[in-house]
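Asker: Okay, sequence plus prediction incoming.
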Protein chains: 2
Amino acid sequence: MEEPKLRKDAVRNRERLLAAGRAVFAERGLDATLNDVAHRAGVGVGTAYRRFANKEELIDAIHIQQVEELERILTTALAEPDPWSGLVFYLEHSLAIQAKDRGMAQVLSGQFAQPRRYDWGRDRLAPLLNKVADRAREAGLLRDDVTGTDLILLQVALTTIASTTPNSIDANEPGDISQLYRRYLWIVLDGLRPDRDTTTLLPVPPLTTQQTHTLLGSASHE
Amino acid sequence: MEEPKLRKDAVRNRERLLAAGRAVFAERGLDATLNDVAHRAGVGVGTAYRRFANKEELIDAIHIQQVEELERILTTALAEPDPWSGLVFYLEHSLAIQAKDRGMAQVLSGQFAQPRRYDWGRDRLAPLLNKVADRAREAGLLRDDVTGTDLILLQVALTTIASTTPNSIDANEPGDISQLYRRYLWIVLDGLRPDRDTTTLLPVPPLTTQQTHTLLGSASHE
DNA sequence: ATGGAAACGGATTCTCTACATCCACTTGCT
DNA sequence: AGCAAGTGGATGTAGAGAATCCGTTTCCAT
(Lines give C-alpha, C1' and ligand atoms only; values in the text may rest on other atoms or scores of the structure.)
Protein backbone atom coordinates (compact mmCIF):
# COMPACT_ATOMS: atom_id res chain seq x y z
CA MET A 1 0.00 0.00 0.00
CA GLU A 2 1.09 3.54 -0.61
CA GLU A 3 0.46 5.55 2.51
CA PRO A 4 2.83 8.54 2.47
CA LYS A 5 1.49 9.42 5.96
CA LEU A 6 0.72 13.09 6.23
CA ARG A 7 2.09 15.48 8.73
CA LYS A 8 -0.20 16.40 11.60
CA ASP A 9 -1.05 19.87 10.31
CA ALA A 10 -1.74 18.45 6.88
CA VAL A 11 -4.24 16.03 8.32
CA ARG A 12 -5.90 18.79 10.26
CA ASN A 13 -6.20 20.97 7.19
CA ARG A 14 -7.56 18.14 5.11
CA GLU A 15 -10.26 17.71 7.70
CA ARG A 16 -11.04 21.40 7.75
CA LEU A 17 -11.28 21.46 3.98
CA LEU A 18 -13.70 18.58 3.95
CA ALA A 19 -15.91 20.26 6.53
CA ALA A 20 -15.74 23.59 4.75
CA GLY A 21 -16.48 21.86 1.47
CA ARG A 22 -19.59 20.27 2.87
CA ALA A 23 -20.76 23.60 4.19
CA VAL A 24 -19.98 25.66 1.11
CA PHE A 25 -21.33 23.16 -1.40
CA ALA A 26 -24.43 22.71 0.72
CA GLU A 27 -25.14 26.42 0.77
CA ARG A 28 -24.13 27.47 -2.67
CA GLY A 29 -24.07 24.33 -4.77
CA LEU A 30 -21.24 22.70 -6.59
CA ASP A 31 -20.19 25.66 -8.68
CA ALA A 32 -18.60 27.17 -5.62
CA THR A 33 -14.86 27.53 -6.06
CA LEU A 34 -12.06 25.70 -4.33
CA ASN A 35 -10.93 29.18 -3.37
CA ASP A 36 -14.22 29.70 -1.58
CA VAL A 37 -13.84 26.44 0.23
CA ALA A 38 -10.25 27.23 1.21
CA HIS A 39 -11.28 30.58 2.60
CA ARG A 40 -14.07 29.07 4.60
CA ALA A 41 -11.65 26.52 5.96
CA GLY A 42 -9.33 29.32 7.04
CA VAL A 43 -6.61 27.98 4.80
CA GLY A 44 -4.76 29.20 1.71
CA VAL A 45 -5.77 28.16 -1.78
CA GLY A 46 -2.44 26.49 -2.29
CA THR A 47 -3.15 24.18 0.61
CA ALA A 48 -6.50 23.27 -0.84
CA TYR A 49 -4.83 22.26 -4.07
CA ARG A 50 -2.17 20.23 -2.30
CA ARG A 51 -4.75 18.21 -0.34
CA PHE A 52 -7.08 17.73 -3.28
CA ALA A 53 -5.82 17.72 -6.85
CA ASN A 54 -8.87 19.68 -7.93
CA LYS A 55 -12.45 20.41 -7.08
CA GLU A 56 -13.66 17.08 -8.43
CA GLU A 57 -11.58 15.17 -5.97
CA LEU A 58 -12.89 17.09 -3.03
CA ILE A 59 -16.42 16.56 -4.23
CA ASP A 60 -15.74 12.85 -4.56
CA ALA A 61 -14.50 12.64 -1.00
CA ILE A 62 -17.59 14.41 0.25
CA HIS A 63 -19.84 12.33 -1.94
CA ILE A 64 -18.58 9.15 -0.34
CA GLN A 65 -19.62 10.37 3.08
CA GLN A 66 -23.02 11.32 1.76
CA VAL A 67 -23.65 7.98 0.15
CA GLU A 68 -22.86 6.34 3.45
CA GLU A 69 -25.32 8.63 5.13
CA LEU A 70 -28.06 7.66 2.69
CA GLU A 71 -27.14 4.04 3.13
CA ARG A 72 -27.75 4.34 6.84
CA ILE A 73 -31.12 5.93 6.19
CA LEU A 74 -32.10 3.15 3.83
CA THR A 75 -31.01 0.50 6.27
CA THR A 76 -33.09 2.09 8.99
CA ALA A 77 -36.03 2.31 6.61
CA LEU A 78 -35.76 -1.40 5.94
CA ALA A 79 -35.64 -2.13 9.66
CA GLU A 80 -38.95 -0.34 10.15
CA PRO A 81 -41.59 -3.00 10.83
CA ASP A 82 -44.24 -1.33 8.68
CA PRO A 83 -43.05 -1.27 5.05
CA TRP A 84 -45.03 1.86 4.20
CA SER A 85 -43.57 3.73 7.15
CA GLY A 86 -40.16 2.63 5.98
CA LEU A 87 -40.79 4.11 2.56
CA VAL A 88 -42.03 7.34 4.04
CA PHE A 89 -39.10 7.44 6.42
CA TYR A 90 -36.66 7.19 3.57
CA LEU A 91 -38.25 9.87 1.43
CA GLU A 92 -38.71 12.27 4.30
CA HIS A 93 -35.12 11.99 5.44
CA SER A 94 -33.52 11.92 2.05
CA LEU A 95 -35.44 15.01 0.97
CA ALA A 96 -34.74 16.78 4.23
CA ILE A 97 -31.04 16.32 3.64
CA GLN A 98 -31.20 17.47 0.08
CA ALA A 99 -33.26 20.48 1.04
CA LYS A 100 -30.34 21.62 3.17
CA ASP A 101 -27.61 20.48 0.82
CA ARG A 102 -27.80 21.95 -2.61
CA GLY A 103 -24.63 20.22 -3.74
CA MET A 104 -25.88 16.81 -2.79
CA ALA A 105 -29.14 17.50 -4.56
CA GLN A 106 -27.22 18.39 -7.68
CA VAL A 107 -25.26 15.16 -7.73
CA LEU A 108 -28.23 12.95 -6.97
CA SER A 109 -30.43 14.64 -9.55
CA GLY A 110 -27.79 14.33 -12.22
CA GLN A 111 -27.44 18.07 -12.56
CA PHE A 112 -23.72 17.88 -12.08
CA ALA A 113 -23.14 14.92 -14.29
CA GLN A 114 -19.56 13.93 -14.83
CA PRO A 115 -20.53 11.01 -17.03
CA ARG A 116 -19.80 7.87 -15.03
CA ARG A 117 -18.36 9.47 -11.94
CA TYR A 118 -21.08 8.74 -9.45
CA ASP A 119 -22.05 5.27 -10.54
CA TRP A 120 -20.41 3.84 -7.48
CA GLY A 121 -22.87 5.53 -5.17
CA ARG A 122 -25.88 4.71 -7.27
CA ASP A 123 -24.90 1.08 -7.59
CA ARG A 124 -24.63 0.91 -3.87
CA LEU A 125 -27.93 2.58 -3.04
CA ALA A 126 -30.15 1.23 -5.79
CA PRO A 127 -30.60 -2.31 -4.40
CA LEU A 128 -31.59 -1.01 -1.01
CA LEU A 129 -34.05 1.43 -2.46
CA ASN A 130 -35.54 -1.28 -4.63
CA LYS A 131 -35.99 -3.36 -1.55
CA VAL A 132 -37.84 -0.54 0.18
CA ALA A 133 -40.22 -0.29 -2.74
CA ASP A 134 -40.67 -4.03 -3.22
CA ARG A 135 -41.37 -4.61 0.42
CA ALA A 136 -44.11 -1.98 0.48
CA ARG A 137 -45.61 -3.17 -2.76
CA GLU A 138 -45.67 -6.79 -1.72
CA ALA A 139 -47.40 -5.81 1.50
CA GLY A 140 -50.11 -4.17 -0.59
CA LEU A 141 -49.28 -0.73 0.79
CA LEU A 142 -47.79 0.69 -2.39
CA ARG A 143 -49.62 0.62 -5.70
CA ASP A 144 -48.49 -2.38 -7.63
CA ASP A 145 -47.36 -0.58 -10.77
CA VAL A 146 -44.70 1.41 -8.96
CA THR A 147 -41.03 0.47 -8.66
CA GLY A 148 -37.88 1.62 -6.93
CA THR A 149 -36.83 3.68 -9.92
CA ASP A 150 -40.09 5.59 -9.65
CA LEU A 151 -39.10 6.61 -6.17
CA ILE A 152 -35.83 7.96 -7.54
CA LEU A 153 -37.50 10.03 -10.19
CA LEU A 154 -40.15 11.35 -7.85
CA GLN A 155 -37.42 12.27 -5.46
CA VAL A 156 -35.62 14.17 -8.20
CA ALA A 157 -38.80 16.05 -8.94
CA LEU A 158 -39.46 16.94 -5.32
CA THR A 159 -35.88 17.94 -4.76
CA THR A 160 -36.42 20.74 -7.21
CA ILE A 161 -38.95 22.27 -4.88
CA ALA A 162 -36.77 21.60 -1.89
CA SER A 163 -33.82 23.43 -3.43
CA THR A 164 -35.85 26.27 -4.89
CA THR A 165 -36.97 27.09 -1.41
CA PRO A 166 -34.69 29.35 0.60
CA ASN A 167 -33.21 27.72 3.70
CA SER A 168 -34.85 29.83 6.32
CA ILE A 169 -32.80 30.92 9.29
CA ASP A 170 -35.61 30.19 11.68
CA ALA A 171 -37.90 27.37 10.66
CA ASN A 172 -40.49 28.35 13.24
CA GLU A 173 -41.07 31.87 12.11
CA PRO A 174 -44.49 32.35 10.51
CA GLY A 175 -44.28 32.44 6.75
CA ASP A 176 -41.41 30.01 6.82
CA ILE A 177 -41.27 28.11 3.60
CA SER A 178 -38.39 25.75 4.07
CA GLN A 179 -40.67 22.75 4.55
CA LEU A 180 -42.82 23.41 1.53
CA TYR A 181 -41.52 20.39 -0.31
CA ARG A 182 -43.18 18.21 2.32
CA ARG A 183 -46.57 19.40 1.17
CA TYR A 184 -45.93 17.97 -2.24
CA LEU A 185 -44.25 14.90 -0.89
CA TRP A 186 -47.49 14.04 0.88
CA ILE A 187 -49.58 14.65 -2.18
CA VAL A 188 -47.29 12.31 -4.07
CA LEU A 189 -47.45 9.77 -1.27
CA ASP A 190 -51.23 9.80 -1.52
CA GLY A 191 -50.80 9.14 -5.21
CA LEU A 192 -48.60 6.16 -4.44
CA ARG A 193 -51.06 4.42 -2.11
CA PRO A 194 -53.26 1.73 -3.55
CA ASP A 195 -56.27 2.38 -1.34
CA ARG A 196 -58.47 4.46 -3.57
CA ASP A 197 -61.60 4.21 -5.64
CA THR A 198 -59.82 4.47 -8.97
CA THR A 199 -56.15 3.96 -9.53
CA THR A 200 -55.28 5.35 -12.92
CA LEU A 201 -53.49 3.13 -15.37
CA LEU A 202 -50.15 4.82 -15.87
CA PRO A 203 -49.48 5.83 -19.47
CA VAL A 204 -45.75 4.99 -19.54
CA PRO A 205 -43.76 2.08 -18.13
CA PRO A 206 -41.18 2.60 -15.40
CA LEU A 207 -37.49 2.85 -16.16
CA THR A 208 -35.15 -0.01 -15.40
CA THR A 209 -32.49 0.66 -12.81
CA GLN A 210 -29.97 0.76 -15.61
CA GLN A 211 -31.91 3.33 -17.60
CA THR A 212 -32.36 5.47 -14.54
CA HIS A 213 -28.67 5.55 -13.83
CA THR A 214 -27.84 6.35 -17.41
CA LEU A 215 -30.34 9.16 -17.39
CA LEU A 216 -29.08 10.71 -14.19
CA GLY A 217 -25.44 10.04 -14.92
CA SER A 218 -25.23 11.69 -18.27
CA ALA A 219 -27.78 14.46 -18.37
CA SER A 220 -26.21 17.85 -18.29
CA HIS A 221 -28.27 20.90 -17.50
CA GLU A 222 -27.18 24.50 -17.71
CA MET B 1 -46.10 56.95 -31.25
CA GLU B 2 -42.54 56.26 -32.18
CA GLU B 3 -42.47 53.77 -35.03
CA PRO B 4 -39.21 54.20 -36.90
CA LYS B 5 -40.56 51.68 -39.43
CA LEU B 6 -37.97 49.12 -40.33
CA ARG B 7 -36.69 48.29 -43.72
CA LYS B 8 -38.04 45.15 -45.32
CA ASP B 9 -34.87 43.09 -44.83
CA ALA B 10 -34.68 44.22 -41.24
CA VAL B 11 -38.18 42.97 -40.58
CA ARG B 12 -37.40 39.68 -42.21
CA ASN B 13 -34.27 39.23 -40.14
CA ARG B 14 -36.06 40.11 -36.95
CA GLU B 15 -38.51 37.37 -37.73
CA ARG B 16 -35.79 34.89 -38.47
CA LEU B 17 -34.04 35.74 -35.25
CA LEU B 18 -37.19 35.19 -33.25
CA ALA B 19 -37.74 31.81 -34.85
CA ALA B 20 -34.13 30.81 -34.42
CA GLY B 21 -34.25 32.00 -30.83
CA ARG B 22 -37.25 29.84 -30.09
CA ALA B 23 -35.51 26.84 -31.61
CA VAL B 24 -32.13 27.33 -30.00
CA PHE B 25 -33.44 28.19 -26.55
CA ALA B 26 -35.83 25.27 -26.74
CA GLU B 27 -33.05 22.83 -27.52
CA ARG B 28 -30.23 24.14 -25.43
CA GLY B 29 -31.81 26.35 -22.82
CA LEU B 30 -31.35 30.00 -22.15
CA ASP B 31 -27.58 30.00 -21.75
CA ALA B 32 -27.26 29.68 -25.49
CA THR B 33 -25.52 32.67 -26.97
CA LEU B 34 -26.90 35.41 -29.18
CA ASN B 35 -24.13 34.31 -31.52
CA ASP B 36 -25.63 30.85 -31.63
CA VAL B 37 -29.02 32.26 -32.39
CA ALA B 38 -27.67 34.54 -35.08
CA HIS B 39 -25.91 31.64 -36.71
CA ARG B 40 -29.00 29.49 -36.67
CA ALA B 41 -30.94 32.36 -38.19
CA GLY B 42 -28.39 32.58 -40.98
CA VAL B 43 -27.55 36.09 -39.97
CA GLY B 44 -24.48 37.90 -38.63
CA VAL B 45 -24.01 38.60 -34.95
CA GLY B 46 -24.03 42.30 -35.63
CA THR B 47 -27.52 42.03 -37.02
CA ALA B 48 -28.69 40.15 -34.00
CA TYR B 49 -27.45 42.94 -31.77
CA ARG B 50 -29.06 45.62 -33.92
CA ARG B 51 -32.47 43.95 -33.76
CA PHE B 52 -32.28 43.11 -30.08
CA ALA B 53 -30.21 45.20 -27.71
CA ASN B 54 -29.09 42.02 -25.94
CA LYS B 55 -30.07 38.47 -25.16
CA GLU B 56 -32.56 39.53 -22.53
CA GLU B 57 -34.59 41.48 -25.00
CA LEU B 58 -34.86 38.60 -27.40
CA ILE B 59 -35.90 36.31 -24.59
CA ASP B 60 -38.53 38.80 -23.55
CA ALA B 61 -39.98 38.88 -27.02
CA ILE B 62 -40.14 35.11 -27.13
CA HIS B 63 -41.54 34.93 -23.64
CA ILE B 64 -44.50 37.08 -24.64
CA GLN B 65 -45.45 34.62 -27.35
CA GLN B 66 -45.16 31.75 -24.93
CA VAL B 67 -47.34 33.36 -22.32
CA GLU B 68 -49.99 33.86 -24.95
CA GLU B 69 -49.73 30.21 -25.85
CA LEU B 70 -50.26 29.18 -22.26
CA GLU B 71 -53.13 31.59 -21.99
CA ARG B 72 -54.85 29.86 -24.85
CA ILE B 73 -54.32 26.50 -23.20
CA LEU B 74 -55.79 27.76 -19.94
CA THR B 75 -58.76 29.26 -21.71
CA THR B 76 -59.42 25.99 -23.46
CA ALA B 77 -59.08 24.18 -20.15
CA LEU B 78 -61.70 26.43 -18.63
CA ALA B 79 -64.02 25.80 -21.55
CA GLU B 80 -63.88 22.08 -20.92
CA PRO B 81 -67.23 21.04 -19.43
CA ASP B 82 -65.73 18.66 -16.90
CA PRO B 83 -63.55 20.67 -14.48
CA TRP B 84 -61.26 17.75 -13.77
CA SER B 85 -60.64 17.14 -17.45
CA GLY B 86 -59.86 20.82 -17.77
CA LEU B 87 -57.25 20.57 -15.07
CA VAL B 88 -55.72 17.50 -16.65
CA PHE B 89 -55.79 19.17 -20.05
CA TYR B 90 -53.85 22.12 -18.77
CA LEU B 91 -51.16 20.10 -17.02
CA GLU B 92 -50.72 17.68 -19.90
CA HIS B 93 -50.31 20.44 -22.46
CA SER B 94 -48.25 22.77 -20.39
CA LEU B 95 -45.84 20.00 -19.50
CA ALA B 96 -45.70 18.74 -23.06
CA ILE B 97 -44.60 22.17 -24.19
CA GLN B 98 -42.02 22.50 -21.48
CA ALA B 99 -40.69 19.05 -22.20
CA LYS B 100 -39.79 20.26 -25.67
CA ASP B 101 -38.72 23.72 -24.67
CA ARG B 102 -35.96 23.86 -22.15
CA GLY B 103 -35.82 27.63 -22.20
CA MET B 104 -39.46 28.02 -21.40
CA ALA B 105 -39.14 25.52 -18.60
CA GLN B 106 -36.30 27.56 -17.16
CA VAL B 107 -38.27 30.77 -17.11
CA LEU B 108 -41.42 29.22 -15.70
CA SER B 109 -39.54 27.34 -13.00
CA GLY B 110 -37.64 30.42 -11.95
CA GLN B 111 -34.34 28.93 -12.93
CA PHE B 112 -33.47 31.92 -15.02
CA ALA B 113 -34.63 34.50 -12.58
CA GLN B 114 -34.05 38.08 -13.55
CA PRO B 115 -35.69 39.34 -10.39
CA ARG B 116 -38.96 40.97 -11.48
CA ARG B 117 -38.66 40.45 -15.20
CA TYR B 118 -41.33 37.87 -15.78
CA ASP B 119 -43.97 39.12 -13.40
CA TRP B 120 -46.04 40.31 -16.29
CA GLY B 121 -46.60 36.78 -17.55
CA ARG B 122 -47.25 35.32 -14.15
CA ASP B 123 -49.73 38.01 -13.28
CA ARG B 124 -51.56 37.25 -16.44
CA LEU B 125 -51.66 33.46 -16.06
CA ALA B 126 -52.17 33.12 -12.34
CA PRO B 127 -55.86 34.11 -12.23
CA LEU B 128 -56.73 31.66 -14.96
CA LEU B 129 -54.85 28.87 -13.30
CA ASN B 130 -56.52 29.64 -10.00
CA LYS B 131 -59.83 29.39 -11.73
CA VAL B 132 -58.94 25.98 -13.12
CA ALA B 133 -58.14 24.76 -9.64
CA ASP B 134 -61.10 26.39 -7.94
CA ARG B 135 -63.53 25.04 -10.45
CA ALA B 136 -62.31 21.49 -9.98
CA ARG B 137 -62.22 21.80 -6.23
CA GLU B 138 -65.70 23.23 -6.00
CA ALA B 139 -67.00 20.39 -8.12
CA GLY B 140 -65.53 17.98 -5.61
CA LEU B 141 -63.13 16.57 -8.15
CA LEU B 142 -59.98 17.99 -6.62
CA ARG B 143 -59.07 17.50 -3.00
CA ASP B 144 -60.23 20.47 -1.04
CA ASP B 145 -56.89 21.40 0.50
CA VAL B 146 -55.27 22.06 -2.86
CA THR B 147 -54.98 25.45 -4.57
CA GLY B 148 -53.82 26.94 -7.85
CA THR B 149 -50.38 27.65 -6.46
CA ASP B 150 -50.03 23.97 -5.70
CA LEU B 151 -50.51 23.24 -9.36
CA ILE B 152 -47.69 25.66 -10.17
CA LEU B 153 -45.30 24.04 -7.77
CA LEU B 154 -46.18 20.53 -8.85
CA GLN B 155 -45.67 21.60 -12.40
CA VAL B 156 -42.23 22.94 -11.54
CA ALA B 157 -41.38 19.61 -9.96
CA LEU B 158 -42.59 17.58 -12.92
CA THR B 159 -40.87 19.85 -15.37
CA THR B 160 -37.59 18.74 -13.89
CA ILE B 161 -38.26 15.24 -15.08
CA ALA B 162 -39.52 16.47 -18.42
CA SER B 163 -36.34 18.42 -19.06
CA THR B 164 -33.97 15.81 -17.71
CA THR B 165 -35.30 13.43 -20.30
CA PRO B 166 -33.68 13.59 -23.72
CA ASN B 167 -35.99 14.71 -26.53
CA SER B 168 -36.05 11.55 -28.54
CA ILE B 169 -35.90 11.82 -32.29
CA ASP B 170 -38.51 9.16 -32.72
CA ALA B 171 -41.11 8.99 -29.98
CA ASN B 172 -42.36 5.63 -31.17
CA GLU B 173 -39.11 3.75 -30.96
CA PRO B 174 -39.11 1.19 -28.14
CA GLY B 175 -37.18 2.43 -25.15
CA ASP B 176 -38.26 5.96 -25.88
CA ILE B 177 -38.24 7.96 -22.73
CA SER B 178 -39.47 11.35 -23.80
CA GLN B 179 -42.89 10.82 -22.23
CA LEU B 180 -41.62 9.63 -18.91
CA TYR B 181 -42.80 12.74 -17.12
CA ARG B 182 -46.38 11.69 -17.86
CA ARG B 183 -45.97 8.66 -15.65
CA TYR B 184 -45.29 10.90 -12.70
CA LEU B 185 -47.90 13.39 -13.73
CA TRP B 186 -50.49 10.66 -13.41
CA ILE B 187 -49.24 9.53 -10.05
CA VAL B 188 -49.51 13.11 -8.89
CA LEU B 189 -52.98 13.43 -10.40
CA ASP B 190 -54.06 10.39 -8.40
CA GLY B 191 -52.69 12.16 -5.35
CA LEU B 192 -54.81 15.20 -6.15
CA ARG B 193 -58.12 13.39 -6.42
CA PRO B 194 -60.37 13.35 -3.39
CA ASP B 195 -61.88 9.91 -4.00
CA ARG B 196 -59.80 7.73 -1.73
CA ASP B 197 -60.05 5.90 1.54
CA THR B 198 -57.72 8.20 3.42
CA THR B 199 -56.64 11.62 2.31
CA THR B 200 -53.60 12.62 4.28
CA LEU B 201 -53.68 15.89 6.13
CA LEU B 202 -50.98 17.95 4.46
CA PRO B 203 -48.21 19.03 6.83
CA VAL B 204 -47.65 22.50 5.37
CA PRO B 205 -50.06 25.18 4.12
CA PRO B 206 -50.09 26.24 0.46
CA LEU B 207 -48.32 29.35 -0.73
CA THR B 208 -50.25 32.46 -1.62
CA THR B 209 -50.05 33.55 -5.23
CA GLN B 210 -47.83 36.39 -4.14
CA GLN B 211 -45.43 34.10 -2.31
CA THR B 212 -45.26 31.77 -5.26
CA HIS B 213 -44.33 34.54 -7.63
CA THR B 214 -41.70 35.86 -5.29
CA LEU B 215 -40.26 32.41 -4.93
CA LEU B 216 -40.08 31.73 -8.64
CA GLY B 217 -39.07 35.24 -9.57
CA SER B 218 -36.05 35.53 -7.36
CA ALA B 219 -34.57 32.10 -6.91
CA SER B 220 -31.34 31.51 -8.71
CA HIS B 221 -30.05 28.02 -9.30
CA GLU B 222 -27.86 26.29 -11.86
C1' DA C 1 -31.42 55.18 -61.94
C1' DT C 2 -29.10 56.78 -58.25
C1' DG C 3 -27.51 58.59 -53.79
C1' DG C 4 -27.48 58.07 -49.26
C1' DA C 5 -29.50 56.23 -45.08
C1' DA C 6 -30.27 51.83 -43.16
C1' DA C 7 -28.80 47.44 -42.56
C1' DC C 8 -25.43 43.81 -42.64
C1' DG C 9 -21.47 40.45 -41.33
C1' DG C 10 -18.27 38.74 -38.49
C1' DA C 11 -13.52 39.42 -36.90
C1' DT C 12 -12.16 41.59 -32.94
C1' DT C 13 -11.96 43.60 -28.36
C1' DC C 14 -13.46 43.74 -23.72
C1' DT C 15 -14.55 41.75 -19.44
C1' DC C 16 -15.16 38.09 -16.29
C1' DT C 17 -14.44 34.14 -13.81
C1' DA C 18 -12.56 30.02 -12.37
C1' DC C 19 -8.70 27.00 -12.23
C1' DA C 20 -4.26 26.08 -11.04
C1' DT C 21 0.67 27.08 -10.18
C1' DC C 22 4.79 28.86 -8.13
C1' DC C 23 7.83 30.18 -4.71
C1' DA C 24 9.35 32.69 -0.53
C1' DC C 25 8.30 31.57 4.03
C1' DT C 26 6.90 28.57 8.13
C1' DT C 27 6.16 24.34 10.70
C1' DG C 28 6.59 19.66 12.31
C1' DC C 29 9.37 15.86 13.09
C1' DT C 30 13.68 13.00 14.23
C1' DA D 1 19.38 21.70 14.65
C1' DG D 2 18.23 20.80 10.19
C1' DC D 3 15.49 19.71 6.46
C1' DA D 4 11.60 17.77 4.19
C1' DA D 5 6.87 18.71 4.30
C1' DG D 6 3.63 21.98 4.40
C1' DT D 7 1.63 26.69 3.75
C1' DG D 8 -0.42 31.18 1.82
C1' DG D 9 -1.89 33.92 -1.59
C1' DA D 10 -0.38 36.81 -5.39
C1' DT D 11 -0.11 35.74 -10.00
C1' DG D 12 -0.53 33.49 -14.54
C1' DT D 13 -3.45 31.21 -17.83
C1' DA D 14 -7.29 29.83 -20.30
C1' DG D 15 -11.89 30.02 -21.98
C1' DA D 16 -16.29 31.90 -22.70
C1' DG D 17 -19.70 35.12 -23.58
C1' DA D 18 -21.08 39.95 -24.53
C1' DA D 19 -20.96 43.57 -27.37
C1' DT D 20 -18.73 46.76 -30.68
C1' DC D 21 -16.82 48.65 -34.88
C1' DC D 22 -16.38 49.48 -39.50
C1' DG D 23 -15.85 48.23 -44.44
C1' DT D 24 -19.38 46.47 -47.52
C1' DT D 25 -24.05 45.67 -49.25
C1' DT D 26 -29.01 46.48 -49.72
C1' DC D 27 -33.12 49.00 -49.83
C1' DC D 28 -36.04 52.61 -51.33
C1' DA D 29 -37.46 57.58 -52.07
C1' DT D 30 -36.93 60.76 -55.42
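Answerer: Now that the structure is in, tell me what you want to look at.
Asker: When you work out contacts or count neighbours from here on, use the C-alpha atoms and nothing else.
Answerer: Fine.
Asker: tell me the domain ranges of chain A?
Answerer: The record assigns chain A these domain ranges, following automatic domain parsing: A:1-53, A:58-220.
Asker: Need those domains in JSON lines (columns: mean neighbour count, distance to B:Tyr49 and mean pLDDT).
Answerer: Listed next are the domains of chain A as JSON lines, based on neighbours: other C-alpha atoms under 10 Å in any protein chain shown; distance: least, C-alpha to C-alpha, whole Å; pLDDT from 0 to 100:
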{"stretch": "domain A:1-53", "mean neighbour count": "16", "distance to B:Tyr49": "30", "mean pLDDT": "92"}
{"stretch": "domain A:58-220", "mean neighbour count": "19", "distance to B:Tyr49": "29", "mean pLDDT": "93"}
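Asker: Up against chain B, what does chain A have?
Answerer: For chain A, the residues found near chain B under the criterion C-alpha under 8 Å from any C-alpha of the partner chain are A:153-154, A:156-161, A:164-166, A:179-180, A:182-184, A:186-192, A:195-200, A:202-206, A:215-216, A:219, A:221-222.
Asker: Looking at those residues, which are in helices?
Answerer: A:153-154, A:156-161, A:164, A:180, A:182-184, A:186-192, A:215-216 (DSSP state H).
Asker: What are the neighbouring residues in contact with the residue of chain A found nearest chain B?
Answerer: Of all residues in chain A, A:Gly191 sits closest to chain B, at 3.6 Å by C-alpha to the nearest C-alpha. Shown in contact with A:Gly191 (C-alpha atoms under 8 Å, 6 or more residues apart in numbering or on different chains): B:Ile187, B:Val188, B:Leu189, B:Asp190, B:Gly191, B:Leu192.
Asker: want to throw the domains of chain A into JSON lines with distance to B:Phe52?
Answerer: What follows is the domains of chain A, written out as JSON lines (distance: least, C-alpha to C-alpha, whole Å):
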{"stretch": "domain A:1-53", "distance to B:Phe52": "30"}
{"stretch": "domain A:58-220", "distance to B:Phe52": "29"}
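Asker: Looking at chain A, which helix is longest?
Answerer: Ranked by residue count and defined by DSSP H, the top helix of chain A is helix A:55-79.
Asker: ok, then the element right after that one?
Answerer: Sequence order places helix A:83-100 as the next helix or strand after helix A:55-79, per DSSP states H and E.
Asker: Now the residue of chain A closest to chain B. Nearest residue, chain neighbours left out?
Answerer: B:Gly191 (3.6 Å; C-alpha to C-alpha, 6 or more residues apart in numbering or on different chains).
Asker: repeat for A:Asn167
Answerer: A:Ser178 (5.6 Å).
Asker: Backbone dihedrals for that neighbour, please?
Answerer: With angles defined as degrees, to the nearest 10, A:Ser178 sits at phi -70, psi -20.
Asker: That one: what's it in contact with?
Answerer: Taking C-alpha under 8 Å, 6+ apart, one finds A:Ala99, A:Ala162, A:Thr165, A:Pro166, A:Asn167, A:Ser168, A:Ala171 in contact with A:Ser178.
Asker: 6 Å instead?
Answerer: Listed by C-alpha atoms under 6 Å, 6 or more residues apart in numbering or on different chains, the contact set of A:Ser178 reads A:Thr165, A:Asn167, A:Ser168.
Asker: Against A:Asp170, how distant is the residue of chain A found nearest DNA strand D?
Answerer: Minimum separation of chain A from DNA strand D (C-alpha to the nearest atom of the strand) falls at A:Gly46, amounting to 2.9 Å. Plainly put, A:Gly46 is 36 Å away from A:Asp170 if you go by C-alpha to C-alpha, to the nearest Å.
Asker: now A:Thr159
Answerer: Computed as C-alpha to C-alpha, the A:Thr159 to A:Asp170 distance reads 21 Å.
Asker: do the same with A:Thr198
Answerer: A:Thr198 is 41 Å from A:Asp170, by C-alpha to C-alpha.
Asker: what does A:Arg196 give?
Answerer: The spacing between A:Arg196 and A:Asp170, counted by C-alpha to C-alpha, is 38 Å.
Asker: Also A:Arg50?
Answerer: 38 Å.
Asker: ditto for A:Ser178
Answerer: 9 Å.
Asker: neighbouring contacts of stretch A:69-82?
Answerer: Identification of contacts with stretch A:69-82 by C-alpha under 6 Å, 6+ apart yields A:Gly86, A:Phe89, A:Tyr90.
Asker: hmm, 7 Å instead?
Answerer: Where contact means C-alpha atoms under 7 Å, 6 or more residues apart in numbering or on different chains, the residues beyond stretch A:69-82 that reach it are A:Gly86, A:Leu87, A:Phe89, A:Tyr90, A:Ser94, A:Leu125, A:Leu128, A:Leu129, A:Val132.
Asker: quick one: which of those residues is nearest DNA strand C?
Answerer: A:Ser94 (26.5 Å).
Asker: Write out the residues of chain A neighbouring DNA strand D.
Answerer: A:5-7, A:9-13, A:42-47, A:50-51 (C-alpha under 7 Å from any atom of the strand).
Asker: Point out the residues in chain A that sit beside DNA strand C.
Answerer: Neighbours of DNA strand C within chain A, by C-alpha under 7 Å from any atom of the strand: A:7-9, A:31-35, A:45-46, A:49, A:53-55.
Asker: try 6 Å
Answerer: By C-alpha under 6 Å from any atom of the strand, the residues of chain A that approach DNA strand C are A:Arg7, A:Lys8, A:Asp9, A:Thr33, A:Leu34, A:Val45, A:Gly46, A:Tyr49, A:Asn54, A:Lys55.
Asker: Secondary structure added to those, as TSV?
Answerer: Formatted as TSV, these follow (DSSP: H, G, I helix; E, B strand; the rest coil):
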residue	secondary structure
A:Arg7	coil
A:Lys8	helix
A:Asp9	helix
A:Thr33	coil
A:Leu34	helix
A:Val45	helix
A:Gly46	helix
A:Tyr49	helix
A:Asn54	coil
A:Lys55	helix
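Asker: got a markdown table for these, with distance to B:Arg116 too?
Answerer: Rendered in a markdown table, the data for those read as follows (distance: C-alpha to C-alpha, whole Å):
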| residue | distance to B:Arg116 |
| --- | --- |
| A:Arg7 | 52 |
| A:Lys8 | 51 |
| A:Asp9 | 49 |
| A:Thr33 | 28 |
| A:Leu34 | 32 |
| A:Val45 | 37 |
| A:Gly46 | 40 |
| A:Tyr49 | 40 |
| A:Asn54 | 37 |
| A:Lys55 | 34 |
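Asker: coming back round to it: kindly calculate the angle that the longest helix of chain A makes with helix A:83-100.
Answerer: Here helix A:55-79 runs at an angle of 160 degrees relative to helix A:83-100 (axes from the mean of the first three to the mean of the last three C-alpha atoms, to 10 degrees).
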